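Q: need coordinates for the below:
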Amino acid sequence: MAERLLFEMLVIVVASFAVVTTLVRLRFSPVTGYLLAGVLIGPHGLGLLPATEGVRFLGELGVVLLMFIIGLEFSLPRMLAARSLVFGMGSLQVALTTLAGGILAWVAGLGWGAGVLIGGAIAMSSTAIAAKQLSDQEELNTQHGRLALGILLFQDLATLPFLILTDALSGRGEASPALAAGRAVLAVVIFLAIALLARRTLARFFEMLARTRSNEVFLLGVLSLVLLSAFGAEEVGLSLPIGAFLVGMIIGESDFRHQVEDEIRPFRDVLLGLFFITVGMAVDPRTILTHPLSVIVALAALVGLKAAIVFGAARAAGWTAPAAFRGGVVLAHGGEFALLLMTQALAIGLLPAGTGQVVLVTVVLSMALAPLLIQWNGRLARGVGLGSPQALPHPDEAALAEVGDTLSGHVILCGCGRVGCLVARVLDIGGIPYVAVEHDMDRLRKARAQGHHVVFGDATRPVILRAAGFDRAKAVVATLDSPSALERLVHRVRHLNHALPVIVSTTDTTSVRRLLEVGATHALPENLAAGLGLAEHLLRALGMPPQDVEDRINQVRTLLSPAPVDNAGLNVASRPKDETLSEVRSGLPENS
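A: Numbers count the residues shown, from 1 in each chain. Sure thing, here's the model as predicted:
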């Protein structure tokens, strides 16, 4: 038994590594690699691995974690701010594509349940493939990129009702729409009521985890919560992924959202890869040989239908023809949830095996083509004479409202203790946007009590920096206690951006030179004068005129201790005995 299990894991890992590495080098998506690896090692390929229940269960855990993270990213304020794009265009695309796919399935002689599920599967695109490819091509901030991402966001939300419908139809075949809807709504209401009642308990639970200051404890707590939510959903008649989504949605409104997502993502990626492998194992490549015409027609219909629907809907909503066309091309493929819906529909007998195999093969082929279609969307637009839409300007205040927490031209303040709060006060007075990241709950509470904008997270982790809008930030300020954490943070920032100003304050005076060597723009020992010096360097790095810098610093000094200010600009009452601002700055490079 142990030898067999070891052999199965060896086959999965080695096949995944070999195929995914090869395809990534050929600029295909890793998802395509996992699917192809599953086809090769599965019962319809080389027959190295049977589709065991254990492997399928691990794959389903990957879907559970995926839905949990999507729930974390669900923000009602964000949805409302971008409602015209997300709910308007997104709902129109999903509804029209589902209707068209459902009609085609009904014409083919399938029941209403199978028709809706096939239509819903066709409506979904791959967020992972589209978002990554657009990011690699630097097209996220274009008109067609914004259009595609808005629709993808609604597609992620629309997956939930389709999963609920699949659950409702489980074991019932042609259950009535009213019965299916009633069962689904009742289950969701019960689970949501339980989850909402536990909302405050969840907040206290994460506070307790955060106070341990142990990543291992935090991770174990998050995994326990995800599995408990999935188990609870199953107990009230829902599927595992739905429970994870609903609890993720509740946690997504808390201060711990980014940290939770960062901790859970590696497990999600590995287990989701297993899910794609299990889907590939279920695909019979002989379907392409035995039904070549059906597969070709289905693939052409999927790509053409989705592109045409997005184009027509976008044009009706006032988008330019180039943006509408390129947005349609970006979304003209199937996605992860299409595979999930089809495998579940096959498992509960809603689809005949032959029809299900044709749909599965079609979706897999469309996902394999997706990176190429997205890469060539500009060429295709020029080929039909539509040219290229111009890139959108950097987000202003209205765009910021649409993307929720993201900012532009702001400061990332890592650590919000005494010195960090001092810098935050200077930024507030100067009207400079910033976001502070703090990993200590006590400090976070105190900083918020003072009115500062602080979120929970470990700023030394790249995913937390990106969540704070690192790619749009104008400077990074670090006031962490640990010299090693400061050094790690500077390394991470320099790895991501060589030119961004990084100004740090350290409690260890011996680490100043080392921090400068690893890439800090300025490094100062921590004390009151150093805090003001830190803020002064920051304002200069942001391009503020020298006189304005002096005025802002004096304002803060007066607020902290309203006493006379001498000619050097230092507060006489609060000046440290042996340290002045000029002495703290001595020996450090001046900011030009």
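Q: where's A307, which helix or strand?
A: Taking DSSP states H and E as the definition, one finds A307 inside helix 292-316.
Q: do the same with R204
A: Using DSSP H and E, R204 sits within helix 199-212.
Q: and V504, helix, strand or coil?
A: Secondary structure state of V504, per DSSP: H, G, I helix; E, B strand; the rest coil, is strand.
Q: hang on, it packs against A475?
A: No. Using C-beta atoms under 8 Å, V504 makes no contact with A475, being 11.3 Å away. (Glycine included, C-beta is placed from N, CA and C.)
Q: could you pull up the residues touching A130?
A: The neighbours of A130, taking C-beta atoms under 8 Å, 6 or more residues apart in numbering as the test, are 148-149, 152, 330-331, 370, 374.
Q: which of those sit farthest apart?
A: Using C-beta to C-beta, the two most remote members of the contacts of A130 are L149 and A370, lying 14.8 Å apart.
Q: between these two, which has more neighbouring residues?
A: Taking neighbours as other C-beta atoms under 10 Å, L149 and A370 compare with A370 leading, 28 against 20.
Q: which element is the more buried one on?
A: According to DSSP H and E, A370 maps onto helix 353-375.
Q: related to what we said a few turns ago, for the helix holding A307, which helices and strands make contact with it?
A: Contacts defined by 3 or more C-beta pairs under 8 Å, 6 or more residues apart in numbering; DSSP states H and E place helix 292-316 against helix 90-107, helix 112-123, helix 143-169, helix 321-330, helix 353-375.
Q: make CSV from those helices and add distance to R382 and mean pLDDT to it.
A: Converted to CSV, the helices and strands packed on helix 292-316 look like this (distance: least, C-beta to C-beta, whole Å; pLDDT from 0 to 100):
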stretch, distance to R382, mean pLDDT
helix 90-107, 24, 84
helix 112-123, 28, 81
helix 143-169, 13, 77
helix 321-330, 9, 91
helix 353-375, 14, 82
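Q: could you say which one of those comes nearest to A37?
A: Closest approach to A37 among the helices and strands packed on helix 292-316 (C-beta to C-beta): helix 353-375, 12.0 Å.
Q: that closest one: what's the following helix or strand?
A: Per DSSP H and E, the first helix or strand lying C-terminal to helix 353-375 is helix 377-383.
Q: how about residues contacting the helix holding R204?
A: With contacts defined as C-beta under 8 Å, 6+ apart, helix 199-212 is touched by 217-218, 221-222, 225, 247, 250-251, 254, 256, 259-260, 439-441, 456.
Q: tell me the buried residues in the helix or strand following that helix?
A: Sequence order places helix 215-235 as the next helix or strand after helix 199-212, per DSSP H and E. Neighbour counts using 16 or more other C-beta atoms under 10 Å place 218-219, 221-222, 225-227, 229-230, 232-233 of helix 215-235 among the buried residues.
Q: can you tell me which of those is closest to A18?
A: Nearest to A18 among the buried residues of helix 215-235 is L219, at 29.4 Å by C-beta to C-beta.
Q: and the helices and strands packed on helix 292-316: which comes nearest P30?
A: Taking those one by one with C-beta to C-beta, helix 353-375 is closest: 10.3 Å.
Q: lowest confidence element among the helices and strands of the protein?
A: Of all helical and strand segments in the chain, the minimum by mean pLDDT, DSSP states H and E falls on helix 397-402, at a mean of 31.
Q: please name every helix or strand in contact with whichever helix or strand comes after that one.
A: Next in sequence after helix 397-402, counting helices and strands by DSSP H and E, comes strand 411-414. For strand 411-414, the elements it packs on are helix 418-430, strand 434-438, strand 475-478, judged by 3+ C-beta pairs under 8 Å, 6+ apart.
Q: next, format those as TSV and append mean neighbour count, distance to D156 and mean pLDDT.
A: Formatted as TSV, these follow (neighbours: other C-beta atoms under 10 Å; distance: least, C-beta to C-beta, whole Å; pLDDT from 0 to 100):
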stretch	mean neighbour count	distance to D156	mean pLDDT
helix 418-430	22	34	85
strand 434-438	26	25	88
strand 475-478	26	31	92
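Q: need those in JSON lines (columns: distance to T287).
A: Converted to JSON lines, these look like this (distance: least, C-beta to C-beta, whole Å):
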{"stretch": "helix 418-430", "distance to T287": "60"}
{"stretch": "strand 434-438", "distance to T287": "50"}
{"stretch": "strand 475-478", "distance to T287": "53"}
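Q: quick one: closest of those to A131.
A: Nearest of those to A131, taken as C-beta to C-beta: strand 434-438 at 22.1 Å.
Q: orientation of the next helix or strand after the closest one relative to strand 434-438 in degrees?
A: Using DSSP H and E, the next helix or strand after strand 434-438 towards the C-terminus is helix 441-449. Put simply, helix 441-449 runs at 150 degrees to strand 434-438, going by axes from the mean of the first three to the mean of the last three C-alpha atoms, to 10 degrees.
Q: only the buried residues of helix 441-449, if you could.
A: Neighbour-count burial for helix 441-449 flags 441, 443-444, 446-448 (criterion: 16+ other C-beta under 10 Å).
Q: and those residues, which is closest to L26?
A: L444 (45.5 Å).
Q: quick check, that closest one in contact with D255.
A: Yes. Using C-beta under 8 Å, L444 is in contact with D255, at 7.1 Å.
Q: which neighbours do these two share?
A: Contact criterion C-beta under 8 Å, 6+ apart; residues shared by L444 and D255: F456.
Q: out of the helices and strands packed on strand 411-414, which gets nearest to G349?
A: strand 434-438 (49.8 Å).
Q: let's see the closest one as PDB, backbone CA atoms only.
A: The C-alpha trace of strand 434-438 is given here as PDB (Å, rounded to 0.1, in the frame of the first residue of the first chain):
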ATOM      1  CA  TYR A 434       0.000  56.200   2.100                       C
ATOM      2  CA  VAL A 435      -0.800  52.800   3.400                       C
ATOM      3  CA  ALA A 436       0.800  51.400   6.600                       C
ATOM      4  CA  VAL A 437       1.400  47.700   7.100                       C
ATOM      5  CA  GLU A 438       1.800  46.400  10.600                       C
END
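Q: so A15 sits against G45, correct?
A: No. Counting by C-beta under 8 Å, A15 does not reach G45; the two are 9.8 Å apart.
Q: for the stretch 451-592 of the chain, just list every one of the helices.
A: Counting by DSSP state H, counting those that start in this stretch, the segments of the stretch 451-592 of the chain that form helices are 462-467, 483-496, 512-518, 528-541, 546-560, 581-585.
Q: just those helices: most buried one?
A: helix 528-541 (a mean of 24; mean count of other C-beta atoms under 10 Å).
Q: that one versus helix 546-560: what angle between them?
A: Going by the same axes, to 10 degrees, helix 528-541 is angled at 150 degrees with respect to helix 546-560.
Q: tell me which strands and helices helix 528-541 is in contact with?
A: helix 418-430, strand 475-478, strand 502-506, strand 522-525, helix 546-560, helix 581-585.
Q: ok, and what's touching the first one?
A: Where contact means C-beta under 8 Å, 6+ apart, the residues beyond helix 418-430 that reach it are 411, 413-414, 416, 433-434, 436, 438, 446-447, 450-453, 477, 479, 505, 526, 528, 530-532, 534-535, 538-539, 544, 548, 552-553, 555-556, 559-560.
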